[in-house]
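Peer 1: Below is the sequence, then the predicted model.
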Amino acid sequence: MTVQDLIRQKWYVPPGEDPVRNEVVSTMADMVHSIARGATIPNRARHPLGANEMEVCVAKGSSGLFMNIGDYKNRVVVLGFRKKSDGSLGPAEASGKIRMGDLLVGINGQYLTKLGFK
């Protein structure tokens, strides 16, 4: 299959226009660069998920997640979602995995219980 054949496919997204691929490429480039400099990649042991916890991966895109969050009893809670300027759903709501009232335990490996809410 040639590059031109790939471009004709319905699922094809040109480089730079897929937020998930962009995030993966950026992360992989950082890792390769770090290894080339002799650094080791930290083994981030994940916190075991509780019975009512789940891990969600959402690409935020250039404009964010379009998610409203707030403080409830010193916990970060999802208060709701905003629509994009074109009226479409933002990434968080479109994922279908995050709902209003959900408590955020951590973001990008950083536990929110140890951070002050701002």
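Peer 2: Sure, I can see it.
Peer 1: Where does pLDDT dip in the protein?
Peer 2: 1, 3-16, 20, 31, 33-35, 38-48, 109-110, 113-118 (pLDDT under 70).
Peer 1: Quick one: the helices in it, in order.
Peer 2: Applying DSSP state H to the chain gives helices spanning 3-7, 19-36, 91-95.
Peer 1: can you list the domains in this protein?
Peer 2: As assigned by automatic domain parsing, the chain contains the domains 3-36, 47-118.
Peer 1: Deepest-packed of those domains, please.
Peer 2: The highest average neighbour count among those, using mean count of other C-beta atoms under 10 Å, belongs to domain 47-118 at a mean of 13. For every residue, glycine as well, the C-beta is placed using N, CA and C.
Peer 1: For Glu23, list the residues it contacts.
Peer 2: Ala59 (C-beta atoms under 8 Å, 6 or more residues apart in numbering).
Peer 1: Pull up the gap between it and Cys57, please.
Peer 2: 9 Å (C-beta to C-beta, to the nearest Å).
Peer 1: Equivalent analysis for Arg21, please.
Peer 2: In terms of C-beta to C-beta, Arg21 sits 13 Å off from Cys57.
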